[in-house]
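K.L.:
fold the following, please.
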Amino acid sequence: MKKWFTIALASTLLLALTACGSSNGGNNGNTGSSASPNGTEEASPALSPEPTDAPKPDKLRIAYHPNMGGSSAIITGMKKDFFNEQNIEIELVKFTSGPTEVAAMISGDIDLGYVGHGAHFLAVEGKVKIISLDVLSKAEELMVRADSGIAAVKDLKGKTIATQLGTSGEIVLDLALKKEGMTRDDVKLVNMDMAGAVSAFIADKVDAVIVWAPYSTEIKKEIGKDNITVLANSASFSEEFVFPSSWIVTPDYLDKNEDKVVRFLKGLHKAMDYRAEHLDEVVGYVAELNATPVESVQEEVESGVWMTGTEVRGLFADGTAKKWYEQQQELFLSSGKLEKGAPVESYVTFDLMGKVAE
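P.N.:
Residues are numbered from 1 along each chain as shown. Sure, this is the predicted structure:
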């Protein structure tokens, strides 16, 4: 009897120990919960997802010009991260004339770029497409020395004039001569890059020069404003023509990269909106980019009509931009810059603006 009791007691103790082991340590195969100090179950922390790499930004090689018109929108977009918002990285490449820029674009060295009025004839010829307006220029000036004895455009007959052909300077010269019933045959026209034209005029090796900011500012600084006479400028013909500066791209690049171009324009237009409200700040950006005195850049502010992106989209939608580009083409045709015209719709991307506004 005593032996039976001992065996029963041992069995009971063994079962109790087994039960305790199941309740306190039976989670070995369960990773979904764990025992808390107070005996309740808590959910295990969820595993964090593997981090994913953000898409790399699209790098665009952008042509700019070292003046307020050709630098202000692009540098503002970079400084204020408007292009970063569109996942675009900008690489700037400096140019001082539209034709050389377009040549680089056609060869594939540049993706998009800014051009002044004079190079737009290349768009009419189908080499590039215009994707946006930027600024209306008032910067081009036909200058002579005040003591030269040249008081009016008609006095330029037989005189030597320096400018860079293929630019808006050439266009202003043609308009000024035409207004006086003259042609290029009545003057001695010398084709020089802007740096050469400025140097030649300062050294008194040419009688007149046609330049724009910042080159006009440099001349006035070297010779003195009071020693310069401006015979004509782009504003002299504003009742007949406007002088738009624009952003361009090759047809091939646009066909293959429309999404990049649209995102670039979104950032650019946001920068133009900001520029219009913060011109003094933007002057500082331009001065820093081009290593130009702030005072010189500030003087350039008066050389343009600084449109916003919102205004540009409206001008493209209501037909105003089309009218301006038609007038520009007529000017090229009448001056002999173009032999034949083309429908504006064939080289200005009016339909793209709707996507930019989305």
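
K.L.:
where does F264 land in three-state SS?
P.N.:
At F264 the chain is in helix, as set by DSSP: H, G, I helix; E, B strand; the rest coil.

K.L.:
start the count at 648, not 1, going forward
P.N.:
Got it, the first residue is 648 from now on, which makes the last one we talked about F911.

K.L.:
mind listing the strands for the stretch 848-997 of the chain?
P.N.:
855-858, 875-880, 891-896, 951-953 (DSSP state E, counting those that start in this stretch).

K.L.:
mind putting these into JSON lines with mean neighbour count, distance to G914 and mean pLDDT?
P.N.:
(C-beta placed from N, C-alpha, C; glycine too.) Listed next are the strands of the stretch 848-997 of the chain as JSON lines, based on neighbours: other C-beta atoms under 10 Å; distance: least, C-beta to C-beta, whole Å; pLDDT from 0 to 100:
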{"stretch": "strand 855-858", "mean neighbour count": "26", "distance to G914": "31", "mean pLDDT": "95"}
{"stretch": "strand 875-880", "mean neighbour count": "18", "distance to G914": "32", "mean pLDDT": "93"}
{"stretch": "strand 891-896", "mean neighbour count": "26", "distance to G914": "12", "mean pLDDT": "96"}
{"stretch": "strand 951-953", "mean neighbour count": "18", "distance to G914": "17", "mean pLDDT": "92"}
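
K.L.:
rebuild the ones you listed as CSV, extending it with distance to K984.
P.N.:
Below are the strands of the stretch 848-997 of the chain laid out as CSV (distance: least, C-beta to C-beta, whole Å):
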stretch, distance to K984
strand 855-858, 15
strand 875-880, 18
strand 891-896, 15
strand 951-953, 22
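
K.L.:
which residues touch V834?
P.N.:
Each residue near V834 by C-beta atoms under 8 Å, 6 or more residues apart in numbering is listed here: L803, K804, G805, K806, T807, I808, L824.

K.L.:
quick check, the third one in a strand?
P.N.:
To tie it back to what came earlier, the one meant is G805. No: secondary structure of G805 (three-state DSSP): coil, not part of a strand.

K.L.:
what pLDDT does it get?
P.N.:
Here, the pLDDT recorded for G805 equals 96.

K.L.:
right, and it touches D833 too?
P.N.:
Yes: taking contacts as C-beta atoms under 8 Å, G805 lies within contact range of D833: 7.4 Å.

K.L.:
looking at the two, which is more packed in?
P.N.:
Between G805 and D833, D833 has the larger neighbour count (other C-beta atoms under 10 Å), namely 15 against 9.
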